[in-house]
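**Q** Here is my input, please return the structure:
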Amino acid sequence: MGKEIERKFLLASEEWRENASGQLFRQGYINTRPGRTVRVRTCNDAGYVTIKGKTSGITRLEFEYPIPVDDAKTLLDQLCEHPLVEKIRYLVDYKGFRWEIDEFLGENAGLIVAEIELDREDQPFPRPPWLGEEVSGDIRYYNSNLRENPFKNWGEK
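**A** A predicted model of the protein is given here:
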């Protein structure tokens, strides 16, 4: 069984950008009912379908499978709810941990979120100096919610 244990943070500075290079992700949602989402994603010449369960704490079930990129593009264009969520993902290593930093585009431009995947919820990790406020429990920052309520529509950020 696949599980995702993930913490999310805002960024306090731009220091993370040093030596960071990113890849464009396009993703859409076929289902965003409470307790489960079905996501389709492309990155470079790869496509994926991901099924996620309800979040409990910072843990949820997650199953991700590769699919042909042309199938993923068709699903994004024809079956996924719009607008799509587009972002550039940067991988940044810090003291033995890999951070995924997502800089959102389009409807969510201006939002940058850092994520770290852990082996267990109480796992300690070193905090990079560029790390800001934790937003793990704030559903506004879930990618599926960013499709429904884009960052550009948030009043007080």
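
**Q** From here on, just use CA atoms for contacts and neighbour counts.
**A** Noted.

**Q** ok, and for the least confident helix or strand in the chain by mean pLDDT, which residues are buried?
**A** Of the helices and strands making up the chain, the lowest-confidence element is helix 143-148, at a mean of 91, by mean pLDDT, DSSP states H and E. Neighbour counts using 16 or more other C-alpha atoms under 10 Å place Asn143, Ser144, Leu146, Arg147 of helix 143-148 among the buried residues.

**Q** mind listing the helices in this structure by residue range?
**A** With DSSP state H as the criterion, the chain has helices at 69-78, 143-148.

**Q** so which of those helices comes closest to Arg26?
**A** helix 69-78 (8.2 Å; C-alpha to C-alpha).

**Q** name the helices or strands packed onto the closest one?
**A** strand 22-31, strand 36-43, strand 46-53 (3 or more C-alpha pairs under 8 Å, 6 or more residues apart in numbering; DSSP states H and E).

**Q** just the angle between the longest strand seen in the chain and helix 69-78, please?
**A** For the chain, the longest strand by residue count, based on DSSP state E, is strand 81-94. Between strand 81-94 and helix 69-78, the angle comes out at 130 degrees (axes from the mean of the first three to the mean of the last three C-alpha atoms, to 10 degrees).

**Q** Quickly run through the sheet partners of strand 81-94, with directions.
**A** strand 22-31 (antiparallel), strand 97-104 (antiparallel) (DSSP bridges).

**Q** Thank you kindly, that will do.
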